[in-house]
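**Q** the following comprises the amino acid sequence and a computationally predicted model.
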Amino acid sequence: QAQLVESGGGLGQAGGSLRLSCAASARTFTGNAMAWFRQVRGGERELVAAISWSGSTTYYADSVKGRFTISRDNADNTVYLQMNTLKPEDTAVYYCAASVSPLLERLEGGLVDFWGQGTQVTVSS
């Protein structure tokens, strides 16, 4: 059964840090590139960060470069998003996503095969 379960969201302060985790089923995780998207109320879902199956290639949106780090543990079927130097504009619902490809191109093109349910991140100023 395909499954992505996010955790770690909540309230953070500007300048602070939060770490999101996404636990995946083997079917959803193995051999697949993974990503984090976010969506503000009334806005479109945007790609924040992505990581290839091997972990050797990553992608970051310009708005989070140097502040966020995506990583994965292939032995534990888990992907993480470490968010540092938080800003109020990082406030959004964050979604874990997977693509049935080991590479990033499908995710960079917005082609997602599996979605998590989302976790709210709110950053206060």
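**A** Here it is on my side, so go on.

**Q** how near is the residue nearest to Phe29 when sequence neighbours are not counted to Ser25?
**A** Leaving aside its sequence neighbours, Phe29 sits nearest to Asn77 (CB to CB, 6 or more residues apart in numbering; 4.3 Å). Backbone N, C-alpha and C define where each C-beta goes, glycine included. Per CB to CB, to the nearest Å, Asn77 is found 7 Å from Ser25.

**Q** swap in Glu46?
**A** Following CB to CB, the distance that separates Glu46 from Ser25 is 25 Å.

**Q** before we move on, back to that, Asn77 and Ser25: which is more packed in?
**A** When neighbours are counted by other CB atoms under 10 Å, Asn77 comes out ahead of the other of Asn77 and Ser25, with 19 against 15.

**Q** residues contacting the more buried one?
**A** Applying CB atoms under 8 Å, 6 or more residues apart in numbering, we find Asn77 in contact with 23-26, 28-30.

**Q** how about CSV for those, with secondary structure and distance to Ser125 added?
**A** Supplementary listing: the contacts of Asn77 in CSV, determined by DSSP: H, G, I helix; E, B strand; the rest coil; distance: CB to CB, whole Å:
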residue, secondary structure, distance to Ser125
Ala23, strand, 31
Ala24, strand, 33
Ser25, coil, 38
Ala26, helix, 41
Thr28, helix, 36
Phe29, helix, 36
Thr30, coil, 41
